[in-house]
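Chemist: Got a predicted structure here, sequence first:
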Amino acid sequence: MTDLPNSLRSQPDARGHFGDFGGRYVAETLMPLILDLERHYRAAQIDPEFKAEFDYLLKHYVGRPSPLWFAERLTEDLGGAKIYLKREDLNHTGAHKINNCIGQILLAKRMGKQKIIAETGAGQHGVATATVAALFGLPCTIFMGAVDVARQQPNVFRMKLLGAEVVAVESGAKTLKDAMNEALRHWVANVHDTFYIIGTVAGPHPYPELVRDFQSVIGTEAREQILEAEGRLPDMLIAPVGGGSNAIGLFHPFLDDESVEIVGVEAAGEGLEGKHAASLAGGKPGILHGNKTYLLQDEDGQITEAHSISAGLDYPGIGPEHSWLHDIGRARYVPVTDTEALASFQRLCKLEGIIPALESAHAIAAAERIAPTMDKDKIIIVNLSGRGDKDIFTVADALGVEL
Amino acid sequence: MTRFTTAFGKPHPALVAFITAGDPTPADTGAILDALVAGGADVIELGMPFTDPMADGPAIQAANLRSMAAGTRTADIFAIAAAFRSRHTDVPLVLMGYANPMTIRGGDWFAAECKKAGIDGVICVDIPAEEDPELGPALRAAGVDLIRLATPTTDAARLPAVLEGAGGFLYYVSVAGITGLQQAAQASIDEAVARLKATTDLPVAVGFGVRTPEQAAEIAKVADGVVVGSALVEIIAKHGADAPAHVEAFTRSLADAIHGAKEIAA
């Protein structure tokens, strides 16, 4: 590529495109609303009061900054590069998702919207959205595939405790993709008073940009923390990628640091020859849910079902900025299977006393593969995007343990 | 003179009838299309099934699922269209669907296939004017009309951008919502159609939520065309392979109501 911009941090362009990806592929009914959202976001970006309120809530409600933990026992066990864990699992509600929800509900308030909707897969984004809706006293409806409702009962109950209505979506495969379709259907019929809090760096522009900006607190903190701990930048960043919001949040503040290698981890499920959720490794560019990006699809452009043991990675697409970083070669994306993630899940519990989310366990697995090949003076930051309490039933099931 | 100008140049408003291609099977679609024409439909909209029909309500979602379960592929849809064109030389045929199946092999490929199959126009739900380069230039170069949607949220400032590069007719989506559910208030339709017709010379057809001949007749008093989809698709859902006779009877009731709603001076 010879036509790269001076900074890799200046995307997207004015039309919401990251290179060939991104954009605003929505029905005409939504288009004026998307444009309105963009206008309000531009105004919020330069409003010191918006930033002050966002920062206040992240500090006092979410509990930021999250620690950067030197995983000494894991490092010793692997015998290679030093591994630091960015502890997003210690945030209120137990994952990075809340960072974005705080930002978006402040936007909703700014736009005078009275109702909140969101889609959710495993329920983490649904819980985070229900949480901020409760905090701001706004009625909230969460769309969740009926299959996910059945297998994530604790999160369904959490959302209800927080005052949200949970709609079980019966269309399609009844998982995350279908929940997003149904949320879009609801939104199109209620655009006048409803704000849609999208949970990842996907959807029509400006969502991939604004979600990234709200999540970039992860990388901004990690950068300061590693400079303080080690006096230099890391050699590598590793993060799990479903839609990719925690990953872009960690990566974005480092994109212009050429010495920092960037690795995203896709869910390879049963393996790339079987059922998986690796859109970059096993998909090709297409248009879905408002943006152009890599998608799992057949030759006619029909979307195929994703699979991962981690419900949070179980989506047939990926955020458009990741597709762009992949195509220009700034980041590389590696697959990790269900089996590998399960093994790393258990190893981190025993070595560090941390139960990681299955999503995060994918990144740990990649670090375990890569760290031993690097010198001991090298540094890796792994995004521990969430805690694994929500996953203990899935893990027990996979290990043949009855609870 | 295109097939659209002929269809919308008749001395009465037009019935635009929608069904999903391949529902209940690709082999059944031809006879159902013939029933629409026999019942008096002036324009045919053929839906391309998609795994993720985000703008559609339950009736058309179910039609998409039936069609895909029957194994309908993109090649089958073009074959259905080409066969229709060989039987009906004058009735305009519109392909309606979502961006991904239309663009997966490139806009040029899709436009060429449409031309070859005798398709007159294309409606792509999720390519708004802002993303026109995806499909618009290829269709226009091939001489296939790109039919744009205007909605209750399309304000006067935005309308010119929506009309830029549009052809065939303007499809007014009368409710902010998905297909087949709520019905718009007649007054809001009257107002919107008047506003649209003051801005464009394209015929204006009104759809979404139109289910009965009575409703269709009210809309036809002001619009150039009325689109009916979910109500037809529900008949197909109920009768399956035996649908053509039922489809023809219902289409005739719609066509009689619409055609009789007002006389248009030649």
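Modeler: Arrived safely, thanks for sending.
Chemist: Distance check, A:S171 against chain B.
Modeler: If you measure A:S171 against chain B using CB to the nearest CB, to the nearest Å, the figure is 6 Å. For every residue, glycine as well, the C-beta is placed using N, CA and C.
Chemist: what's near enough to touch that residue?
Modeler: If a contact means CB atoms under 8 Å, 6 or more residues apart in numbering or on different chains, then A:S171 has A:178, A:181-182, B:61 as its contacts.
Chemist: Also A:V241?
Modeler: Applying CB under 8 Å, 6+ apart, the residues near A:V241 are A:247, A:264-266, A:313, A:318-319, A:322, A:333.
Chemist: got it, and A:E261?
Modeler: Residues near A:E261 by CB under 8 Å, 6+ apart: A:235-237, A:332.
Chemist: same thing but 6 Å
Modeler: In this structure, A:E261 makes contact with A:M236, judged by CB atoms under 6 Å, 6 or more residues apart in numbering or on different chains.
Chemist: Is it bridged to anything, and to what?
Modeler: Under DSSP bridges, the beta-bridge partners of A:E261 are A:M236.
Chemist: Got the confidence number for it?
Modeler: Reading off the per-residue confidence, A:E261 sits at a pLDDT of 98.
Chemist: repeat for the one 5 residues further on
Modeler: On pLDDT, A:E266 comes in at 98.
Chemist: so what's it bridging to?
Modeler: According to DSSP bridges, A:V241, A:P335 are recorded as the beta-bridge partners of A:E266.
Chemist: thinking again about what came up before, closest to A:G353 among the contacts of A:S171?
Modeler: Here the nearest of the contacts of A:S171 to A:G353, counting by CB to CB, is A:D178; it sits at 37.3 Å.
Chemist: so of the contacts of A:V241, which ones are in helices?
Modeler: Among the contacts of A:V241, the members falling in helices are A:247, A:322 (criterion: DSSP state H).
Chemist: JSON lines for the contacts of A:V241, including neighbour count?
Modeler: Output for these, formatted as JSON lines (neighbours: other CB atoms under 10 Å in any protein chain shown):
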{"residue": "A:A247", "neighbour count": "36"}
{"residue": "A:G264", "neighbour count": "28"}
{"residue": "A:V265", "neighbour count": "31"}
{"residue": "A:E266", "neighbour count": "30"}
{"residue": "A:L313", "neighbour count": "33"}
{"residue": "A:I318", "neighbour count": "32"}
{"residue": "A:G319", "neighbour count": "31"}
{"residue": "A:H322", "neighbour count": "29"}
{"residue": "A:Y333", "neighbour count": "23"}
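Chemist: Could you list the low-pLDDT ranges of the chain?
Modeler: The chain I'm using is chain A. Counting by pLDDT under 70, chain A shows low-confidence ranges at A:1-4.
Chemist: please go with chain B instead
Modeler: Within chain B, the stretches falling below the threshold (pLDDT under 70) are B:265-266.
Chemist: that older thread, state the pair within the contacts of A:V241 that is farthest apart.
Modeler: Of all pairs drawn from those, the greatest distance, 14.0 Å, lies between A:V265 and A:G319 (CB to CB).
Chemist: re earlier: Throw together a PyMOL command that grabs the buried residues out of the contacts of A:S171.
Modeler: To isolate the buried subset of these in PyMOL, counting by 16 or more other CB atoms under 10 Å in any protein chain shown, use the following:
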select buried, (chain A and resi 178+181+182) or (chain B and resi 61)
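Chemist: Among the contacts of A:S171, which one sits closest to B:I32?
Modeler: Comparing every one of the contacts of A:S171 with B:I32 (CB to CB), the shortest separation belongs to B:Q61, at 18.5 Å.
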